[in-house]
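Trainee: Any chance you can model this:
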Amino acid sequence: MPTPLEKARKDPGSMKARILDAARDLFAEYGFHGVTTRMIAKEVEIDISTLHYHWGDKENLYEAVIEDLNDSIDQKLKEIEKIVRGKSLSYRLEVAIDVMCDYLFSMPAQAKLVMSSQFLKTRSPGVAEDRMVDQVSNIALAMGLVTDKKDVPAAANARVVAVSTAIYIFTAGEESIRKLLKVGHNNYMDVVKETLKFILIPAFTHTAE
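Mentor: Numbering: from 1, shown residues only. Sure thing, here's the model as predicted:
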């Protein structure tokens, strides 16, 4: 039997999908504890009973939002892996920065969700962290930092977290950082990519290549 998330994905125009989309934006903006089911229902212009019928309680809906987020990130990582397989580390990093920045700038709620769900105290205590651990290991493998994702040293994981967190901070914090840099959205995207490549690629490759 399909899960509510699977049903929402199958029919993007359905009530389940509309509720999921509204919940994603609100959770990204205010975190798990800052959002109520009434806020979500009001955003979708439905009765709260309709929300509970489609998704149950708030934690069920939040976990669906995070699962959808993680699946989306996993898909992007697979796309990157296909492009960079067998290439140099500098090329792998350049592609990863470009693809992930483009993805997150096109869906800013995703970056904010990562920050709030993984690094802040606004997350639901019931959401497992295993997916993030697996994603970090997969990135370490794709970047060529390890040959076996079952045996990833702390230093390799830390380097992956450094790259990922830098991308998430620049994309999730665009509104504030862009004001500081005094540039428009498109220029901001270019500056972020150039800056990340300028700092991260030499840092990774000066000992690896």
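Trainee: Mind picking out the helix or strand in the protein with the poorest mean pLDDT?
Mentor: Within the chain, confidence by mean pLDDT, DSSP states H and E is lowest for helix 130-142 among all helices and strands, at a mean of 73.
Trainee: Need the contact partners of that helix.
Mentor: Contact with helix 130-142 is made by 70, 73-74, 77, 80-81, 84, 92, 96, 118, 146-150, 152, 156-157, 159-161, 163-164, as judged by CB atoms under 8 Å, 6 or more residues apart in numbering. Placement of C-beta: from N, CA and C, glycine included.
Trainee: May I see the buried residues of it?
Mentor: Residues of helix 130-142 classed as buried by neighbour count (16 or more other CB atoms under 10 Å): Arg131, Met132, Gln135, Val136, Ser137, Asn138, Ile139, Ala140, Leu141, Ala142.
Trainee: and of those, the nearest to Val192?
Mentor: Minimum separation from Val192 among those (CB to CB) is found for Ile139, which lies at 18.7 Å.
Trainee: distance of the closest one from Asp102?
Mentor: In this view, Ile139 and Asp102 are 17 Å apart by CB to CB, to the nearest Å.
Trainee: Packing partners of the longest helix anywhere in the chain?
Mentor: Ranked by residue count, the top helix of the chain under DSSP state H comes out as helix 58-84. For helix 58-84, the packing partners by 3 or more CB pairs under 8 Å, 6 or more residues apart in numbering; DSSP states H and E come out as helix 4-10, helix 15-30, helix 37-44, helix 48-55, helix 89-106, helix 108-119, helix 130-142.
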